[in-house]
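J.: Need coordinates for the below:
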Amino acid sequence: MEKSKRPRKTKVGGLSPEQIAILAREWNKCNFWIESKQRFCRLDRLCNEKPYCGEHLPAFCTVVSPDGFVMERIPCPIDSTHTCYKHMLEKHLKKCNKKPPAILPPYIQKGVNLVTDLGYKKFSEKDSQQSCRLPSEKDKEERYKNIEAMNSEDFSILLEKIVSVHSDNKLTPRVEYGLSESVAGELCRSDIGERAAKHLTQIASILNLLEVFGLVRDNTAFVEYGGGRGTVTFHLANLVKEKHFNNCKFFVIDKASPRYKQDNKLADLGLNVVRIRSDISDVLVGELPGMNDPTILRIVGVTKHLCGVATDMALFSLLSETSNSLCHIVSGFCFATCCHHRCKANSYAGASWLHEKNFTNGDMNIIMQMSSWATCGDPDGRIESVKPITESTLKYLKSMENKIPLVFFKNTIGEFAKDILDKGRADFGNHSVSGSLGQVVQFTDMANTIENRALVMSPSSKNETNETR
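T.: Okay, here's the model as predicted:
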């Protein structure tokens with residue numbers, strides 16, 4: 001039997017629809033194009049009339065079997081991203097991989113980390129200052145949904161406020177470059193490609209922060225959010241083993257179950273790793289299996305480039321008494337942040353601090369959009385190209401040029417927006433855990449990744465010891 005000619009992959013960019021169509025003529029298997037892999041599906045076609053396999057046959061498409069039976073594909077009622085045969089729907093629903101379990105484990109509670117105003121409720125219990133009051137109606141005001149809808153005057157006022165708050169509060173991130181020795185050796189391998197080396201450098205830098213801020217210790221449970229294959233946990237566990245820290249547990253939380261996970265390698269090393277397949281919004285950290293072990297005295301959260309609102313959900317799950325009955329033993333976290341433009345004002349953890357600085361929820365939504373300017377790939381873009389600036393704001397920004405030479409560039413304002421959003425999150429951490437210090441740290445250079453900031457919370461004293469629960 002002649003083998004099907006496989007379409008060649010492209011390493012840069014991707015194929016155009018015309019190029020895909022040309023390849024499809026030579027491809028005698030399923031014609032579904034897998035964008036992420038830059039190739040066609042390799043399963044056999046159902047029939048020559050329909051150039052797709054059963055999995056990728058379009059919804060409401062009919063197929064006639066050899067004995068004349070008409071079969072129709074319909075979207076799965078559980079998950080519309082895939083289809084199933086209409087006449088086999090009942091059977092499919094019993095075994096669909098997307099079907100939620102009939103009985104949820106005790107550590108899953110739907111939407112527990114989506115509670116709004118949570119930060120205010122925590123603050124009102126622990127801090128009587130006026131700045132920690134519940135949000136007012138003015139705070140919740142949302143005049144504009146996006147930058148395009150703003151008039152020039154309001155745009156200018158917000159721009160001036162962003163620069164002023166950033167300057168007055170000295171929000172430039174602390175720079176802390178360094179590579180953990182446990183990972184640095186891996187970078188010397190000759191078989192490491194450029195992309196893999198960048199990711200490994202980022203992991204080594206994150207582990208370095210955990211060490212610098214005293215978060216790697218005995219009797220610690222490490223929780224990685226959005227862990228994917230568990231690569232960060234893999235190297236963290238190796239660090240713990242090499243440094244001879246005792247009685248540590250590792251949890252990897254991810255809603256997907258990707259291939260080539262690192263968990264088995266860690267099991268071979270005799271390290272205790274638990275994978276939790278769940279959305280971050282649903283996880284009760286205090287109820288995770290093994291977390292109630294009385295010898296676990298500290299909990300530390302870790303993420304590597306967790307997208308937008310997921311970082312806020314991770315903060316809530318770690319620091320909220322509602323989500324984590326053991327939040328009193330949280331020692332700190334190291335969250336490499338990214339995609340601030342994917343945050344949402346109504347579920348953002350740092351809202352209290354921004355409201356204190358007279359930013360409304362509407363302002364926050366705009367600031368979140370502005371944060372994308374830091375990574376948009378337009379270093380020469382100027383803010384005047386977005387909206388005309390009023391004379392008073394223009395005068396203020398010119399007065400700041402000696403202090404901030406690139407204040408008129410979108411890239412600078414985007415970075416300020418990121419710093420302000422992460423400062424709010426750090427403030428949430430400071431109020432949630434007594435004796436802690438939350439701060440924003442630049443952990444690697446821009447050549448390695450443009451998302452090079454991490455949110456770090458640690459005991460205010462490295463010598464802090466907590467030997468009881």
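J.: how about Asp419, what does it touch?
T.: Asp419 sits next to His166, Leu171, Thr172, Pro173, Val440, Arg453 when contact means CB atoms under 8 Å, 6 or more residues apart in numbering. The way it works is simple: take the backbone N, C-alpha and C, and place the C-beta from them, glycine included.
J.: Among those residues, which ones are in strands?
T.: Using DSSP state E, the members of the contacts of Asp419 that fall in strands are Val440, Arg453.
J.: ok, the contacts of Asp419 vs Val274, which is closest?
T.: Arg453 (28.8 Å; CB to CB).
J.: Test my guess that the closest one contacts Val440.
T.: Yes - using CB atoms under 8 Å, Arg453 is in contact with Val440, at 5.7 Å.
J.: any common contacting residues for these two?
T.: Joint contacts of Arg453 and Val440 (CB under 8 Å, 6+ apart) are Pro173, Asp419, Asp422.
J.: Quick one: those residues as CSV, columns for pLDDT and distance to Lys98 too.
T.: Listed next are those as CSV, based on pLDDT from 0 to 100; distance: CB to CB, whole Å:
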residue, pLDDT, distance to Lys98
Pro173, 94, 40
Asp419, 96, 39
Asp422, 96, 34
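J.: what about the longest helix seen in the chain, distance to the chain center?
T.: Secondary structure of the chain per DSSP state H: the longest helix is helix 410-432. Between the centre of helix 410-432 and the centre of its chain there are 15 Å (CA atoms, centre = their mean, to the nearest Å).
J.: Just the C-alpha atoms of that helix, please, in PDB.
T.: The C-alpha trace of helix 410-432 is given here as PDB (Å, rounded to 0.1, in the frame of the first residue of the first chain):
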ATOM      1  CA  LYS A 410       3.100  53.900  23.800                       C
ATOM      2  CA  ASN A 411       5.600  51.300  24.900                       C
ATOM      3  CA  THR A 412       6.500  53.300  28.100                       C
ATOM      4  CA  ILE A 413       2.800  53.900  29.000                       C
ATOM      5  CA  GLY A 414       2.200  50.200  28.400                       C
ATOM      6  CA  GLU A 415       4.900  49.200  30.800                       C
ATOM      7  CA  PHE A 416       3.600  51.800  33.400                       C
ATOM      8  CA  ALA A 417       0.100  50.200  33.000                       C
ATOM      9  CA  LYS A 418       1.600  46.700  33.700                       C
ATOM     10  CA  ASP A 419       3.500  48.000  36.800                       C
ATOM     11  CA  ILE A 420       0.400  49.700  38.200                       C
ATOM     12  CA  LEU A 421      -1.700  46.500  37.800                       C
ATOM     13  CA  ASP A 422       0.900  44.300  39.400                       C
ATOM     14  CA  LYS A 423       1.400  46.800  42.200                       C
ATOM     15  CA  GLY A 424      -2.300  46.400  43.000                       C
ATOM     16  CA  ARG A 425      -1.900  42.700  43.100                       C
ATOM     17  CA  ALA A 426       1.200  43.000  45.400                       C
ATOM     18  CA  ASP A 427      -0.900  45.200  47.700                       C
ATOM     19  CA  PHE A 428      -3.600  42.500  47.800                       C
ATOM     20  CA  GLY A 429      -0.900  40.000  48.900                       C
ATOM     21  CA  ASN A 430       0.500  42.400  51.600                       C
ATOM     22  CA  HIS A 431      -3.000  42.800  53.100                       C
ATOM     23  CA  SER A 432      -3.800  39.100  52.900                       C
END
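J.: and the most centrally placed residue in the chain, helix, strand or coil?
T.: Compute the mean C-alpha point of the chain, and by CA atoms, centre = their mean the closest residue is Leu306, 1.5 Å away. Classification of Leu306 by DSSP: H, G, I helix; E, B strand; the rest coil places it in strand.
J.: which residues does it bridge with?
T.: Thr337 (DSSP bridges).
J.: residues touching it, list them.
T.: Leu306 touches Tyr225, Gly226, Ala314, Phe335, Ala336, Thr337, Cys338, counting by CB under 8 Å, 6+ apart.
J.: same check, this time on Gln442
T.: Pro173, Arg174, Val175, Glu176, Tyr177, Asn452, Arg453, Ala454.
J.: Among the residues you listed, which one has the most neighbours?
T.: Counting neighbours by other CB atoms under 10 Å, Ala454 leads those with 29 neighbours.
J.: Test my guess that Phe222 contacts Leu236.
T.: Yes - here Phe222 reaches Leu236: they are 6.0 Å apart, a contact under CB under 8 Å.
J.: sec struct for the closest residue in space to Asp79 that isn't next to it in sequence, please.
T.: Leaving aside its chain neighbours, Asp79 sits nearest to Lys98 (3.8 Å; criterion: CB to CB, 6 or more residues apart in numbering). Recorded secondary structure, Lys98: coil (three-state DSSP).
J.: Name all residues that make contact with Lys418.
T.: Thr337, His340, Ser371, Ala374, Arg453.
J.: cutoff 6 Å now
T.: His340, Ser371, Ala374 (CB atoms under 6 Å, 6 or more residues apart in numbering).
J.: Kindly reformat the residues you listed as CSV containing distance to Tyr107 and pLDDT.
T.: Formatted as CSV, those follow (distance: CB to CB, whole Å; pLDDT from 0 to 100):
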residue, distance to Tyr107, pLDDT
His340, 29, 94
Ser371, 32, 95
Ala374, 36, 93
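J.: where along the stretch 151-300 of the chain do the helices fall?
T.: 152-168, 181-184, 194-212, 231-242, 263-268 (DSSP state H, counting those that start in this stretch).
J.: starting at the chain centroid, how far to the third one?
T.: Between the centre of helix 194-212 and the centre of its host chain there is 16 Å, according to CA atoms, centre = their mean.
J.: Extract the C-alpha set from it and format it as PDB.
T.: Output of helix 194-212 as PDB, limited to C-alpha atoms (Å, rounded to 0.1, in the frame of the first residue of the first chain):
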ATOM      1  CA  GLU A 194      17.100  28.500  20.800                       C
ATOM      2  CA  ARG A 195      13.400  28.400  21.800                       C
ATOM      3  CA  ALA A 196      13.900  25.700  24.400                       C
ATOM      4  CA  ALA A 197      16.900  27.600  25.800                       C
ATOM      5  CA  LYS A 198      14.800  30.700  26.200                       C
ATOM      6  CA  HIS A 199      12.100  28.800  28.200                       C
ATOM      7  CA  LEU A 200      14.800  27.000  30.200                       C
ATOM      8  CA  THR A 201      16.400  30.400  31.000                       C
ATOM      9  CA  GLN A 202      13.000  31.700  32.200                       C
ATOM     10  CA  ILE A 203      12.500  28.700  34.400                       C
ATOM     11  CA  ALA A 204      16.000  29.100  35.900                       C
ATOM     12  CA  SER A 205      15.300  32.700  36.600                       C
ATOM     13  CA  ILE A 206      12.000  32.000  38.300                       C
ATOM     14  CA  LEU A 207      13.700  29.300  40.500                       C
ATOM     15  CA  ASN A 208      16.400  31.800  41.300                       C
ATOM     16  CA  LEU A 209      13.700  34.200  42.600                       C
ATOM     17  CA  LEU A 210      12.300  31.500  44.800                       C
ATOM     18  CA  GLU A 211      15.800  31.000  46.300                       C
ATOM     19  CA  VAL A 212      16.700  34.700  46.600                       C
END
